[in-house]
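> Provided below for reference: sequence and predicted model.
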Amino acid sequence: MRRQDVKARLAEGVSLETHISANPSNTKEWIVFFKKNAGRSFFLVDDQEQVESFADLNLLIAELSAMGLKIAEVHF
C-alpha cells in the first residue's frame with residue numbers, strides 16, 4: 001500500500017492496524033505492514049511497488065504520524 005493510499009483509507013475512516021517490524025533481509029532496517037479487517041495485510045511500498053525500509057525507527061514513526069496514523073505496534 002502506497003503512502004497516498006494509506007492517507008486515502010484513513011480519510012475514508014478505514015481502520016488500519018499498523019505494525020513495524022525488523023526487515024527480515026536486513027535486521028538493521030524497519031518495515032511497516034498494515035492489517036485490515038478480514039485478515040488482509042499490506043506492506044508500505046513506494047511508487048514502484050517495492051517494500052519501503054527505514055534505517056531510523058524515530059524517522060519512521062514521524063513518517064507514519066505525517067500520514068495520519070496515531071498508533072503503531074513495534075515488533076523487535
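Here it is on my side, so go on.

> drop to CA atoms for contacts and neighbour counts, all remaining ones
Fine.

> who's in contact with the longest helix out of those in the chain?
Secondary structure of the chain per DSSP state H: the longest helix is helix 57-67. For helix 57-67, contacts defined as Cα atoms under 8 Å, 6 or more residues apart in numbering pick out 3, 6, 7, 30, 54, 70.

> buried ones only from the residues you listed, please, as a ChimeraX command.
Typed into ChimeraX, the line below selects the buried ones among the contacts of helix 57-67, using 16 or more other Cα atoms under 10 Å:
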select :3,6,7,30,54
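
> out of the contacts of helix 57-67, which are inside helices?
3, 6, 7.

> related to what we said a few turns ago, and the helix or strand that the longest helix of the chain is followed by, what does it pack onto?
Downstream of helix 57-67, the first helix or strand assigned by DSSP states H and E is strand 73-75. Helices and strands touching strand 73-75, by 3 or more Cα pairs under 8 Å, 6 or more residues apart in numbering; DSSP states H and E, are strand 17-23.

> so what secondary structure elements neighbour the strand it packs on?
Strand 17-23 packs on strand 26-35, strand 73-75, going by 3+ Cα pairs under 8 Å, 6+ apart.

> quick one: contacts for the spatially most central residue of the chain?
Centroid-nearest residue in the chain: residue 32, 3.4 Å away (criterion: Cα atoms, centre = their mean). The contact partners of residue 32, by Cα under 8 Å, 6+ apart, come to 18, 19, 20, 21, 43, 44, 52, 53.

> from residue 18, how far off is the nearest residue to the fourth one once chain neighbours are set aside?
If I follow you right, that is residue 21. With sequence-adjacent residues excluded and distances taken as Cα to Cα, 6 or more residues apart in numbering, residue 21 is closest to residue 75, at 4.9 Å. Going from residue 75 to residue 18 by Cα to Cα, to the nearest Å gives 11 Å.
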